[in-house]
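J.: Predicted model and sequence below, questions to follow.
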Amino acid sequence: MKFNDTLTTLVKQSIEVGATPALMGEPGIGKSSFVEALAYSMGTKAFVLPCNQLADKADLTGARLVPTANGKSFHQVFYPHHVIQEAIDYAKANPREWPILFLDEINRTTSDVTSGALTLVTLRKMGDVELPDNVRIVVAGNDKGNVTTLDEASLSRFAIFHVEPDAATLVSVLGNDMNPWVKKVLTQYPALVFQKSTPNAIVSDGQDDDDDGNVTMAELFDGGEEMNQLTTPRTIHNLSKWLNKADRQELAQYLATPIQIAGRDTSLLNEAIEAFAGDTMFTTQLVATIAEDLASNSGGQQQSRVNVPKPNCYTTLKAASTVTDLASQISLLTEHEVSGSLLYALKENDDNSRLIEQLAQAAKQIEPEHTRTLIEMVTTQQVDRQNLEAFLDINAPVVNAAKPVLSAFL
């Protein structure tokens, strides 16, 4: 199943009914980015724990033997991994949210660590440390390669989704952060989102002259002993960030500088892009797109829709019939909910001046991720102008702190 709106809906529904979604697929295809975007769309946070970085089960559970009070024996105590503890602390502080504890690479580690992770899913506790009821667990792993196999009893505890990269989703997730040249290539050739680096480049439909069938994900990772870069959502993202910072004049110079790579005549620009995305058809198409754009001296980045999550508490706030009732409802919110509600109220195409004033007076700060989204909304003109003006007219510390930042874009 591709990373798209359908998968997002299915995973959300699994979370809502208390199931544990398991995203199974190849490395580097965007599982972590998908879960982080999913959490943001739900108005909460994802706490990512890469299980493949743990040496043994004790790193996950924090189990330690410590002396008893009389010093004559020992007893076991648990100090869960700091990511798990952060998820627990956040869930307790934000009881109306469903924060996600994301156990990544659950089966690309030792069987001991995998067993510990499965215990956390099954019992929702590590020793005597329990997960709050509102914590939701999502796991991810690899369905091929050198992995720890899960037995049927373990598999039955999950809603298993076999996932693969999707160019349209990658474009949507990165939004305005995606370089326009990269976006153009992925829009025209979506099949190029995942490819193996090879001298005889595979064409965009996954076939070459000697192959009657499509190349599988497993074959893409069967690269022998060669250290060849791949085109994946992860490497595309890194390449996109580099291109966004690159100077057009420098890129033109790279394009005009001929070099040889393993007997191939190419350009310095091609070599630089191959460092990020490998010797693939994606690289070939991207270099051609950049060359065409530089030659015409055109450019410009298309705007994509800004993702503004709607907090679970927002409907209750909108239903308040009086200012007193509204103030009472706001007093029950966490700082994260106040910040998120204020962000959504600024975006919504409705007269939210009363709600915005109350939220602004109650807010201690607009949280960093909400600040980035607000700036993106303002710069792409996806904020409700009337609501923004109402916000800027309020005499409150959070407004006064935001004015210098926002004024640079108005």
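T.: That came through, no problem.

J.: now the strands: where do they sit in the stretch 51-200 of the chain?
T.: Counting by DSSP state E, counting those that start in this stretch, the stretch 51-200 of the chain has strands at residues 63-67, 74-78, 100-104, 125-126, 129-130, 136-141, 158-162.

J.: Tell me which of the ones you listed sits most buried.
T.: Greatest average neighbour count among the strands of the stretch 51-200 of the chain goes to strand 136-141 (a mean of 26), per mean count of other Cβ atoms under 10 Å. All C-beta spots, glycine's among them, are computed from the backbone N, C-alpha and C.

J.: Strand partners (parallel or antiparallel) of that strand?
T.: strand 20-24 (parallel), strand 100-104 (parallel) (DSSP bridges).

J.: who wins for proximity to L355 among these?
T.: strand 100-104 (27.6 Å; Cβ to Cβ).

J.: so how far is that closest one from its chain's centroid?
T.: Relative to its chain's centre, strand 100-104 lies at 12 Å (Cα atoms, centre = their mean, to the nearest Å).

J.: 189 is where my numbering starts, stick with that
T.: In the new numbering, first residue 189, that becomes strand 288-292.

J.: could the strands paired with strand 324-329 go into a markdown table alongside distance to R345 and mean pLDDT?
T.: Shown next, in a markdown table, are the strands paired with strand 324-329 (distance: least, Cβ to Cβ, whole Å; pLDDT from 0 to 100):
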| stretch | distance to R345 | mean pLDDT |
| --- | --- | --- |
| strand 208-212 | 6 | 91 |
| strand 288-292 | 12 | 93 |
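
J.: any idea which helix or strand of this protein has the worst average confidence?
T.: Sorting the helices and strands of the chain by mean pLDDT, DSSP states H and E puts helix 405-408 at the bottom, at a mean of 44.

J.: Only alpha carbons, please: show whatever helix or strand comes next after that helix as CSV.
T.: Counting by DSSP states H and E, the element after helix 405-408 in chain order, helix or strand, is helix 421-433. Listed in CSV are the C-alpha atoms of helix 421-433, where the atom choice follows Å, rounded to 0.1, in the frame of the first residue of the first chain:
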residue,chain,number,x,y,z
PRO,A,421,12.4,9.4,-0.2
ARG,A,422,15.1,9.9,2.4
THR,A,423,17.9,10.7,-0.1
ILE,A,424,15.5,12.8,-2.2
HIS,A,425,14.7,14.9,0.9
ASN,A,426,18.4,15.5,1.6
LEU,A,427,19.0,16.3,-2.0
SER,A,428,16.1,18.7,-2.0
LYS,A,429,17.5,20.6,1.0
TRP,A,430,20.9,20.9,-0.6
LEU,A,431,19.4,22.3,-3.9
ASN,A,432,17.3,24.8,-1.9
LYS,A,433,20.5,26.3,-0.5
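
J.: can you tell which of the strands of the stretch 239-388 of the chain is closest to I582?
T.: Nearest to I582, of the strands of the stretch 239-388 of the chain and by Cβ to Cβ, is strand 288-292 at 33.2 Å.

J.: Could you list the buried residues of stretch 271-283?
T.: Going by neighbour count (16 or more other Cβ atoms under 10 Å), the buried part of stretch 271-283 is 271-272, 274-276, 278-279, 282.

J.: again, but for stretch 290-307
T.: For stretch 290-307, by 16+ other Cβ under 10 Å, it's 290-297, 300-302, 304-307.

J.: Adding distance to I518, write the strands paired with strand 324-329 out as TSV.
T.: Shown next, in TSV, are the strands paired with strand 324-329 (distance: least, Cβ to Cβ, whole Å):
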stretch	distance to I518
strand 208-212	33
strand 288-292	25
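
J.: No more questions from me, cheers.
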